[in-house]
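In: structure for this input, please:
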Amino acid sequence: MKKGLRTIWTILSLMLVVASVVACGPTPEPVEEPTAVEASPEPVEEEEPAETEEEEPTEVVEEEAAEEPESPFQGTVVVGDWQEPKGLLYQVHWQAHTTALLHSIYYRLLNLNENDEMIPELLKEVPTLENGGVSEDATEVTLRFNEGFTWHDGEPVTAHDFKFTWEFIMDPDTKAQSMVGWEHISSVEVPDDYTAVVGFDEPYPTFVEAVLLNPIMPQHLLEDVEDPGSSDYAREPVGNGSFIFKEWIPGDRIVVEANPDAPLPPKLERIIFKFVPDLNTMLALIRVGDIDVAWDLTENEISELNKMEDVELITVPGNAVERYYFNLRNPDNLDEPHPLFDDIRVRKAIAMGMDRFSFVEDVLEGNAVVAVSEMDNTPWFNEELDSYPYDPEAAMELLDEAGWVDEDGDGVREKDGQRLSFDHTMTAGNQVRENAQVFFQANLEDIGVEMIIANAPPATVFGSCADSGIWGLSSFDMMGFSTKADGLDAPAALVQFFATDSIKDCETNPAGSNSQGFSDEIVDENLACTVSEIDRDKRKECVDKVQERVHELCPVVYLYDKLDIYAVNQRVSGIDPTPFGYHDRNYRDWSLQE
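Out: Predicted coordinates for the structure are as follows:
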């Protein structure tokens, strides 16, 4: 109280405060009560407790409302994933499940809408002939960046980051897993912070479709970093997108949270990417609601998914083909040909010895078709080609002709002391793939060929040179997998897997994707045409010739064309996968139903 007041007034004031507290009940901040008493200028004011009782609660409620505004981001969605990444550096740990996850934290130069049409994201516009972004001779593309996009540490995203990303991918020390499209760039000029002029020595008419649907990397964080695949950035990436990387608990989950400063803001507060050991576990968790979104599911699971309550089944005609690649190099010495698969007769015999037709009908319940080529389900498919038939008699004749005979009666053919036996590698945890291996293993046993199943975790199978992965080191006999297109230019996959220049070598070409070591002059000649030919009809002729030659040489067994299969809890909305954009094209549009 003010100095000079009598003690009796102090006692009376305290009594009134106690009475007020008893009448009103506990307040959120009771420590403020003595201050309110001391603020009374005159003792007569203490005789009006009713006013004090009415005013205090009103003031507290108003303060609470002002201090706790409603967040613009609402809810958490859990995405199940059966392939945990090896690392989170986009170009080094380039694999479908890893890049799908990382698209949550990066904006891309261009994205795809619900019709798989290109739309600008980091760029102001889609470069075209009409807007001057693409030169008439297809040797120059101008990229105009939007201002206002920043990395999650606050640094601006600029054209310098694009130029750095190109240099980063092409640097052998980076050990990038893929350089598709980037390797055709001969120069990048940056006349100002928000303009990049990309040059090519030869016409490259599909650069926009092949490259610009990918994210770029931050120069200020990765420049001069030694061994980037094992760096801190590869564990805790800094993106520029609608969500910010929060944490990675190995074997459990990766969490991303809404970016409050996002130019293109999300609706969700958080996405949890929950790692599960296999697809059977994934189905169990989506059934009970412990995960909200499951993807990369298999065709034989469709009937089970249709029975689940509160789960929407989404199937999209995919562009991925399940296939088995022969390693044409000796995995123990890549400078030597493979002791079994260097002979085309052995490759064709194995292809004809696998009953893919019965597998599709019986195991996949007719939810797929037997594959023909890398270009299935695209406008580039060669209609003149058919699948290799299932013909075990013809297969055995080819093996006899090639000198492979079962001389000791153990059921496995031999030649010059070498058994016709090989390891077959795929990702562990995919039940339909494992069923396929057992199915085809039995088929091959019937023709005197031993296939030994040697699976490994996805991060080990698809690991790059930096990770000493099986694909990275070409340390396999036969490997099975499927890939999804990184852009709209489907023929880019032909260059990726069949060009001599793409042969993977961890010393000289770690970014090569031709890990099986395929090389053919006719294929190379026509692949060059698929890259540089501006006339679409002429380009289609070259693509047809590549498919025809690959079909003839049989460096790969095409099994079946995959569906893209998703299971989504009905409480989640906004998920709209497309054949080329997939489910990860629009994380920012995902939300929870009210």
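In: let me see the contact set for P266.
Out: Contacts for P266 (CB atoms under 8 Å, 6 or more residues apart in numbering) come out as F73, S242, F243, A258, N259, Y587, R588, W590. Every residue, glycine included, has its C-beta placed from N, CA and C.
In: which of the residues you listed has the weakest pLDDT?
Out: Within the contacts of P266, pLDDT reaches its minimum at F73, with 93.
In: confirm that that one sits in a strand.
Out: No: counting by DSSP: H, G, I helix; E, B strand; the rest coil, F73 falls outside a strand, being coil.
In: from E84, how far out is it?
Out: With distances taken as CB to CB, to the nearest Å, F73 is found 26 Å from E84.
In: ok, and the most crowded of the contacts of P266?
Out: Neighbour counts for the contacts of P266, by other CB atoms under 10 Å, peak at S242, which reaches 27 neighbours.
In: wait, that residue sits on D589?
Out: No: using CB atoms under 8 Å, S242 makes no contact with D589, being 9.5 Å away.
In: so for stretch 354-368, mean pLDDT?
Out: 96.
In: what does that stretch rub up against?
Out: Here stretch 354-368 has contacts from 298-300, 302-303, 369-371, 387, 390, 432, 435-436, 439-440, 443-444, 557, 559-563, using CB under 8 Å, 6+ apart.
In: domain assignment for this structure?
Out: Domains of the chain are assigned by automatic domain parsing as 7-67, 76-292+571-592, 318-563.
In: give me the phi and psi angles of L110.
Out: Main-chain torsions, L110, degrees, to the nearest 10: phi -130, psi 150.
In: what's the neighbour count on it?
Out: Neighbours of L110 using other CB under 10 Å come to 24.
In: quickly list what it is bridged to.
Out: P120 (DSSP bridges).
In: quick one: pLDDT of it?
Out: 98.
In: number the chain from 41, please
Out: Okay, using 41 as the starting number, the last item reads as L150.
In: if I look at it, how far off is P419?
Out: Counting by CB to CB, the gap from L150 to P419 is 20 Å.
In: contacting residues around L262?
Out: Here L262 is in contact with F204, F208, P268, S271, Y273 (CB under 8 Å, 6+ apart).
In: quick revisit: so which of the contacts of stretch 394-408 are in helices?
Out: Judged by DSSP state H, the contacts of stretch 394-408 include I342, S343, V472, N475, A476, F479, F480, N483, L484 as members of helices.
In: among those, the buried ones, what's the ChimeraX command?
Out: ChimeraX command restricting these to the buried ones, with burial defined by 16 or more other CB atoms under 10 Å:
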select :342,472,476,479,480,483,484
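In: in CSV: the contacts of P306, plus secondary structure and distance to T235.
Out: Formatted as CSV, those follow (DSSP: H, G, I helix; E, B strand; the rest coil; distance: CB to CB, whole Å):
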residue, secondary structure, distance to T235
F113, coil, 33
S282, coil, 25
F283, strand, 28
A298, strand, 30
N299, coil, 25
Y627, helix, 28
R628, helix, 26
W630, coil, 33
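In: could you dump those residues to a markdown table with distance to H260?
Out: Putting the contacts of P306 into a markdown table (distance: CB to CB, whole Å) gives the following:
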| residue | distance to H260 |
| --- | --- |
| F113 | 27 |
| S282 | 21 |
| F283 | 21 |
| A298 | 24 |
| N299 | 18 |
| Y627 | 25 |
| R628 | 25 |
| W630 | 30 |
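In: pull the most distant pair out of the residues you listed.
Out: Greatest spatial distance among the contacts of P306 (CB to CB): N299 and W630, at 14.2 Å.
In: what is the longest strand anywhere in the chain packed up against?
Out: What stands out as the longest strand in the chain, according to DSSP state E, is strand 351-366. Counting contacts by 3 or more CB pairs under 8 Å, 6 or more residues apart in numbering; DSSP states H and E, strand 351-366 packs against helix 342-346, strand 518-521, strand 596-609.
In: D541: which of those is closest?
Out: Nearest to D541, of the helices and strands packed on strand 351-366 and by CB to CB, is strand 596-609 at 18.4 Å.
In: got the angle for the closest one vs strand 351-366?
Out: Inter-element angle recorded for strand 596-609 and strand 351-366: 160 degrees (by axes from the mean of the first three to the mean of the last three CA atoms, to 10 degrees).
In: packing partners of the helix or strand that strand 596-609 is followed by?
Out: Scanning forward in sequence from strand 596-609 by DSSP states H and E, the next helix or strand is strand 612-613. On a contact count with 3+ CB pairs under 8 Å, 6+ apart, strand 612-613 meets strand 631-632.
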